[in-house]
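What follows is a predicted structure for the sequence shown.
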Amino acid sequence: MSTPGYNLDESPLARLASRRGKGGEPFLCEAETVAGERLRADFTRAGLTPGVTQRWDGTPGKGRGGSCGGADLSDMAIDAKRRVDAAVTAVGPELSGILLDVCCFLKGLEIVERERQWPARSAKLLLKAGLGALARHYGLIGTASAGHGGMRSWGSDGYRPTMNAASRSGLDHPEEKPGH
């Protein structure tokens, strides 16, 4: 999995990704970190970040010799906005707010907890849950839990019954007929 180019110094996720849990594993897996940064990149490309200053350069890309004209930029921004909307919808309203606050608006967890009047350390857990859902949406991780491939069951090897021609036809014994 390749990591996107982003400034680790301004990313709240980078600090969380570097933290270790009790067992020594990272708090955020690589897929969760990449998913959060991907959301942030699309959010920025869509032009959804609040402007801090006024733009004086006119239409971006115009007059610089680049092939990115105003129409191209608009299409890119619209596509990025659609990706952000799809990601927010996939994660759901319960977790999308914290993802937007931390990943896109670069708010610290303490600030989110204070603004939403949440208990201490609750934002950290909700962020992890949201990033997991986001990583599944982006296809970075599967739906099975880590370390387990595919479906799990309680049965041991060879527990499945075999089917023969008589059982497929609905007859337990060839001499019996259904309904008797």
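Done, it's in. All figures in this text were calculated on a predicted structure; none of them were measured in a lab.

just the strands in this structure please.
Read by DSSP state E, the chain holds no strands at all.

Name the single longest helix found in it.
The longest helix of the chain (DSSP state H) is helix 70-91.

who does that helix touch, helix- and strand-wise?
In terms of contacts (3 or more C-beta pairs under 8 Å, 6 or more residues apart in numbering; DSSP states H and E), helix 70-91 is packed against helix 30-45, helix 93-99, helix 122-137. Glycine gets a C-beta too; all of them are placed from N, C-alpha and C.

just those: most buried one?
Comparing the helices and strands packed on helix 70-91 by mean neighbour count (mean count of other C-beta atoms under 10 Å), helix 30-45 ranks first with a mean of 22.

what's the average pLDDT for that helix?
Averaged over helix 30-45, pLDDT sits at 94.

which residues sit against it?
With C-beta atoms under 8 Å, 6 or more residues apart in numbering as the test, helix 30-45 has contacts from 1, 3-4, 6, 11, 13-14, 16-17, 28, 49, 76-77, 80-81, 83-84, 87, 99-100, 102-104, 128, 131-132, 134-135, 137-138, 140-141.

same thing but at 7 Å, please
1, 3-4, 6, 11, 13, 17, 49, 76-77, 80, 83-84, 87, 99, 103-104, 131-132, 134-135, 138, 140-141 (C-beta atoms under 7 Å, 6 or more residues apart in numbering).

ditto for stretch 19-26
Residues contacting stretch 19-26 (C-beta under 7 Å, 6+ apart): Ala17, Phe27.

Dump the C-alpha coordinates for it into CSV.
Taking C-alpha atoms only, stretch 19-26 is exported to CSV below (Å, rounded to 0.1, in the frame of the first residue of the first chain):
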residue,chain,number,x,y,z
ARG,A,19,1.5,6.0,19.2
ARG,A,20,1.7,2.4,20.4
GLY,A,21,-0.9,0.5,22.3
LYS,A,22,-0.3,-1.7,25.3
GLY,A,23,0.8,-4.7,23.1
GLY,A,24,3.2,-2.5,21.1
GLU,A,25,1.0,-2.3,18.0
PRO,A,26,0.3,1.1,16.5
